[in-house]
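*Asks:* The sequence and its predicted three-dimensional model are supplied below.
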Amino acid sequence: MASAETCSARTAASSVSNHDRHKPASVREQATLTGRKEASLSRTLKRFAQLGIVAFQDGPHRARAPALIATRVHLEIDLTGHHSAVALDGSAAPWSTNR
């Protein structure tokens, strides 16, 4: 059985993949394309923006369009400690988190 976090990561990856094909004009449009709730997708995209994976571009009528900036994402997950890292290709620098 997959954890909620794993399922969220899969749907987030699907959202990013879908974004690359369709270029949605807003988070609402991307939510419709992916079948995710807009609030949930917005939280995921904001986290991706913090990590340097996506950025938001201003659109018409105060809409914010997500734009993919990283070309690859490498995850290193420490299952025994508190040090995990995310490295991005096509972005300025690798990011790491200590959770």
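*Replies:* Ah, there it is.

*Asks:* what secondary structure does Gly81 sit in?
*Replies:* When classified by DSSP: H, G, I helix; E, B strand; the rest coil, Gly81 comes out as coil.

*Asks:* burial count for it?
*Replies:* Counted with other C-beta atoms under 10 Å, residues neighbouring Gly81 total 7. Every residue, glycine included, has its C-beta placed from N, CA and C.

*Asks:* how much space between it and Ala67?
*Replies:* Taking C-beta to C-beta, to the nearest Å as the measure, Gly81 falls 34 Å from Ala67.

*Asks:* which residues sit in contact with Leu41?
*Replies:* Taking C-beta atoms under 8 Å, 6 or more residues apart in numbering as the criterion, Leu41 is in contact with 15, 27, 30-31, 34.

*Asks:* Do you know the pLDDT at it?
*Replies:* Listed pLDDT for Leu41 reads 96.

*Asks:* I'd say Phe56 and Leu68 touch.
*Replies:* No. Here Phe56 does not reach Leu68: they are 11.3 Å apart, not a contact under C-beta atoms under 8 Å.

*Asks:* intersection of neighbour lists for these two?
*Replies:* Overlap of the contact sets of Phe56 and Leu68 (by C-beta under 8 Å, 6+ apart) is empty.

*Asks:* What count of nearby residues applies to Asp89?
*Replies:* For Asp89, the neighbour count with other C-beta under 10 Å is 10.

*Asks:* what do you get for Arg36?
*Replies:* Count around Arg36 with other C-beta under 10 Å applied: 20.

*Asks:* which SSE is it in?
*Replies:* Assigned by DSSP states H and E, Arg36 belongs to no helix or strand.

*Asks:* Start the count at 45 instead of 1 going forward.
*Replies:* With 45 as the first residue, the last one maps to Arg80.
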